[in-house]
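>>> Got a sequence here, can you model it:
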Amino acid sequence: MSQKGFTILELMLVVGMLIVIFSLGFPIAFDFYKNYQLRAEGDKFISLLETTRNSSMINLNQLPHGIYRDNDNFVIFEGNSFAARNQSQDQNFPRAKTISVAGPNEIIFNSLSGQADSSAFVFNNGIKSFNIYVNQEGQINWQ
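Predicted coordinates for the structure are as follows:
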């Protein structure tokens with residue numbers, strides 16, 4: 001009479017090997033996710049900067065346009081400053097809570113020219129950082 005199946009030792013060996021494989025793979029996958037999240041947040045901000053600059057350059061509603069950043073949102077606004085904006089035209093875009101952003105809280109692009117004050121924004125996830133620069137001509141560069 002032959003018995004079919006696995007012994008408890010064989011099962012423990014397979015489970016042990018799986019634990020080792022997953023313990024090596026999890027940090028790699030988690031690091032990949034954090035880097036993806038950092039890049040996605042930076043790409044979103046670049047897109048918002050370009051949209052805002054384009055709105056200013058076409059002189060939409062004959063007003064300058066800007067972006068304001070707080071802990072929860074990026075806000076595209078119309079006006080000479082966030083404090084003096086037309087609130088009915090605000091566009092809110094949620095921010096990732098795990099990504100910190102250093103730099104000015106607002107940037108404004110001038111009507112028709114698209115010029116802005118030189119600014120640097122640094123996005124950081126605790127492991128890597130992503131830099132976005134806006135020069136006086138309003139050109140947007142990143143690394």
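>>> The helix or strand hosting Met17 packs against which elements?
Using DSSP states H and E, Met17 maps to helix 8-57. When contacts are defined as 3 or more C-beta pairs under 8 Å, 6 or more residues apart in numbering; DSSP states H and E, helix 8-57 packs onto strand 65-69, strand 73-78, strand 106-109, strand 119-124, strand 129-134, strand 140-142. Using the backbone N, CA and C atoms, a C-beta is placed for each residue, glycine as well.
>>> quick one, what contacts Ser118?
133-136 (C-beta atoms under 8 Å, 6 or more residues apart in numbering).
>>> before we move on, what about Gly25?
Applying C-beta under 8 Å, 6+ apart to Gly25 gives no contacts.
>>> Mind pulling up the pLDDT for it?
Note on Gly25: pLDDT of 78.
>>> What of Ser2?
With respect to pLDDT, Ser2 scores 69.
>>> Quick check: the spatially most central residue of the chain vs Ala120, distance?
In the chain, the centroid-proximal residue (C-alpha atoms, centre = their mean) is Glu41; its distance is 1.1 Å. In this view, Glu41 and Ala120 are 16 Å apart by C-beta to C-beta, to the nearest Å.
>>> Can you report how many residues lie near the nearest residue to Phe77 once chain neighbours are set aside?
Nearest residue to Phe77 in three dimensions, chain neighbours excluded: Arg85, at 4.1 Å (C-beta to C-beta, 6 or more residues apart in numbering). Per other C-beta atoms under 10 Å, the neighbour tally for Arg85 reads 22.
>>> so how far is Gly138 from Arg85?
Counting by C-beta to C-beta, the gap from Arg85 to Gly138 is 19 Å.
>>> shaky segments in the protein?
1-2 (pLDDT under 70).
>>> burial measure for Asn73, as a count.
Count around Asn73 with other C-beta under 10 Å applied: 14.
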